[in-house]
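J.: Kindly return the folded structure for what I paste below:
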Amino acid sequence: MSKTITYVITYENGRWVSRCPTGEIEGVGVAGSLSQMERDLVEMHVWAWPEDTPGVEFVFDLPGHVAGVVTEYRREKELAEAHAKRAAELAVKAAKVLTSHWSEPDTARVMGLSKQRVHQLKVSA
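T.: Okay, here's the model as predicted:
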C-alpha cells in the first residue's frame, strides 16, 4: 500500500456520504453504514489500483454539537491512555521496589493487587 486516500464523510438524509477533496476519486459515495462505506471504497481502490492499492482514511465533517462531544471524548480518551501507560510503568516500579523489602503477598496487599499480578510485575522487563 503506497499511500492513503482521505475521504470527508458527512451524514445526509439518513445516509453516510463520502467525498474525496483531493480529487483522486471523483463523485460521491453513499452507504447506509460506515462499515459498508469503507468496504465499498476499499473495493473501488482494489479495482482502480490493483498493483498498488491505496488505503482508506475517513475525516468526519460532523454538525457542531456532535463534533464538540466527539472532540472532547477523543481528548479524554488520549489522556486516559497516557495515564494508564504511566500507571502501568509505576506498577512495575512499585512492585520491584516493594518486593525488595517485603514478600510478594505483603506487597500485593499494599498495592491492592493479587499476589500473581505482583509476581508478574516484579519479573517483567
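J.: can you tell me which strand in the chain is longest?
T.: Looking across the chain with DSSP state E, the single longest strand is strand 4-12.
J.: Packing partners of that strand?
T.: Counting contacts by 3 or more CB pairs under 8 Å, 6 or more residues apart in numbering; DSSP states H and E, strand 4-12 packs against strand 15-19, helix 34-48, strand 55-60. Every C-beta, even on glycine, is put in place using the N, C-alpha and C of the backbone.
J.: Outside of the second one itself, list whatever touches it.
T.: Right, the one you point to is helix 34-48. 5, 7, 9, 16, 18, 25, 29, 31, 53-56, 58 (CB atoms under 8 Å, 6 or more residues apart in numbering).
J.: Just want the angle from that helix to strand 55-60.
T.: Angle of helix 34-48 versus strand 55-60, following axes from the mean of the first three to the mean of the last three CA atoms, to 10 degrees, is 140 degrees.
J.: Mind listing what's buried along helix 34-48?
T.: Buried residues in helix 34-48, counted by 16 or more other CB atoms under 10 Å: 37-38, 41, 45.
J.: Is Gln116 in a helix, a strand, or coil?
T.: Three-state secondary structure (criterion: DSSP: H, G, I helix; E, B strand; the rest coil) places Gln116 in helix.
J.: would you say Pro50 is within a helix?
T.: No - read with three-state DSSP, Pro50 is coil and lies in no helix.
J.: ok, it - how many residues close by?
T.: 8 (other CB atoms under 10 Å).
J.: Offset the numbering so it begins at 37, please.
T.: In the new count, where the first residue is 37, that last one comes out as Pro86.
J.: separation between it and Pro141?
T.: 61 Å (CB to CB, to the nearest Å).
J.: Identify the single longest helix in this structure, thanks.
T.: helix 100-135 (DSSP state H).
J.: report the angle between the axes of that helix and strand 91-96?
T.: 110 degrees.
J.: right, and the helix or strand after helix 100-135?
T.: Moving toward the C-terminus from helix 100-135, the next helix or strand (DSSP states H and E) is helix 140-147.
J.: among the contacts of helix 70-84, which two are most distant?
T.: Farthest pair in the contacts of helix 70-84 (CB to CB) is Trp52 and Thr89. Separation: 21.7 Å.
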